[in-house]
Every structure is written in C-alpha cells, then in structure tokens.
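Asker: With the input below, show me the fold.
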Amino acid sequence: MNKFIQFSMIFIPALCCAGISHAGLLASATRVIYQQNSNEKSLILANTNSYPVLTQIWVDDGHTGPEFQNSPFAVLPPVFKLSAKENKGIRIIYNGMTLPADRESLYWLNLYEIPAVKKDNPANEYLNLAMNTQMKIFYRPEGLKDYNVDELQQQVQQTLIHNEKALKLELKNPTPYYLNFTNLSISNDQAVSKIAHEEDNILAPFSTKAYTLQNLHYPESPTNILKYQLIDDSGNSHHYSTILK
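Answerer: Next up, the predicted model:
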C-alpha cells in the first residue's frame, strides 16, 4: 500500500468527528460523458481553499475506493499536491475494458483531498481532515447518440403504488441511457408527497425502480400530478410534470 493511502486511512476518523465540512476541490464540470471513440477527457480542478491540499484521484463503482481493480478508466496524474487557489488539469483515459455496447455504463470519479497544514518546522507536515467528492462518469458506447432530454422524458413510464405499508412511485426506464431525477414529488388537491431523501435518484438503463414516498397517508385521488426534474449531459435541470393515470 502506498504512503498516500496509508495516511488517508489514518485520518478518516477525523472526518467523522469534525462536524459539517465543505469540499474545497472543485471541477470544471459536474459530470463526465465519455464517448467510446474519445481518446481521453480532461477536467480542470481548482483548490478553492486558503491552504494546500494533497489530492488523490481514482475511478470506482461508487462503493469501493482506490483499491478498486475493475475500473475501465485511468486518471493522470493520480496523486498530486495543489497549493491554495491553484488550478490543475487531469486526464481521464479509457483502458479498453469490455463494457456493454447496447447501453451506458456508470462509474464514479473520486476527488479525495486532505489539507496539508505546516507545523512550526517547515519540513514537517501533518494531515488533519479528509474530504471525498464524487462525480459521475457515463461511458456512452459508439452506437448511442447524444440524446434529447425531452424525448427521453416521454418514454418514462410511471405508476403510483398505494397500500397499507408504503406509498411508492414506480418508474420504468426503457431507454439505454441513465436517467438522473431530482425533486420527485406527487401532489393532488389534498396533499403533497416527496420521495425519501435516502433514495438513489439514478435510474439505470432498461430498469424499473420503486421509490418510497414520505407521506404514507397520502390521500387517493383520481388526479395525481407527478413533478420532477431530469439532469442533462451538461448538468442542467429540465422541469416536467405529468398526470398519473
């Protein structure tokens, strides 16, 4: 295990005890769309902190870490230091791993930062607080064209499931693209119900998912309106509403 990762493990507990913190490492985009025929993708990272940070970058499945072995992407450079207010470019390179040709694949770019604060001795640095920011990488195979969000929205199928134990919204994505929903809610002339905060708003290609709604006692009505936003390739939100039948 390299020295940088050893330091990361040592100081992770500090993150849990430090209260609310905000990432100071910002990227020039909110997501990466990697077309199969691309040689590489580039991002500019900016250290907005007033102090230097040690940075480690890797791609995983969203739940693993730097030790993840099945990533189809390499990031260069993987480890570096950023001075306060410094910008730096990174390169994301597809390694040729076989991925599905009929749908998008989703991976996560991790931007791991650890402040480097100097002691009285300039030669002695210590690490105190770690922060990891994740960005989506959508791998888009050659057979899939850039999509129109309005056209995708028209293909989404919605069903409201109302029983004694739970109120759920079932969404079906018949497209080969990942759909990123935000602010999902259902309303009628009597009440409003939103999906539970812990729900994952990403709907995979050719999949169906039931989202739990917060208001178990949501009254049944012949007219229920579903409102939501879809995020496009540039990170912009598109607002939609539809009557559930």
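Asker: List the buried residues in the biggest strand by length in the chain.
Answerer: Looking across the chain with DSSP state E, the single longest strand is strand 105-118. Going by neighbour count (16 or more other C-beta atoms under 10 Å), the buried part of strand 105-118 is 105-116. Using the backbone N, CA and C atoms, a C-beta is placed for each residue, glycine as well.
Asker: Between those residues, which has the least confident prediction?
Answerer: Lowest in pLDDT among the buried residues of strand 105-118 is residue 116, which has 79.
Asker: so what's that residue bridging to?
Answerer: residue 127 (DSSP bridges).
Asker: and the gap between it and residue 213?
Answerer: 45 Å (C-beta to C-beta, to the nearest Å).
Asker: Next up, the contacts around the closest residue to residue 176 other than its chain neighbours.
Answerer: Leaving aside its sequence neighbours, residue 176 sits nearest to residue 103 (C-beta to C-beta, 6 or more residues apart in numbering; 4.1 Å). By C-beta atoms under 8 Å, 6 or more residues apart in numbering, the residues touching residue 103 are 141, 144, 176-177, 205-206.
Asker: Output stretch 95-103 as PDB, nothing but the C-alphas.
Answerer: Only the C-alpha atoms of stretch 95-103 are listed here, as PDB (Å, rounded to 0.1, in the frame of the first residue of the first chain):
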ATOM      1  CA  ASN A  95      -8.300   1.500 -20.900                       C
ATOM      2  CA  GLY A  96     -10.200  -0.600 -23.400                       C
ATOM      3  CA  MET A  97     -12.100  -2.800 -20.900                       C
ATOM      4  CA  THR A  98     -15.100  -4.500 -22.500                       C
ATOM      5  CA  LEU A  99     -18.300  -2.700 -21.500                       C
ATOM      6  CA  PRO A 100     -21.900  -3.200 -22.700                       C
ATOM      7  CA  ALA A 101     -22.400  -1.900 -26.200                       C
ATOM      8  CA  ASP A 102     -26.200  -1.500 -26.000                       C
ATOM      9  CA  ARG A 103     -26.400   0.900 -23.000                       C
END
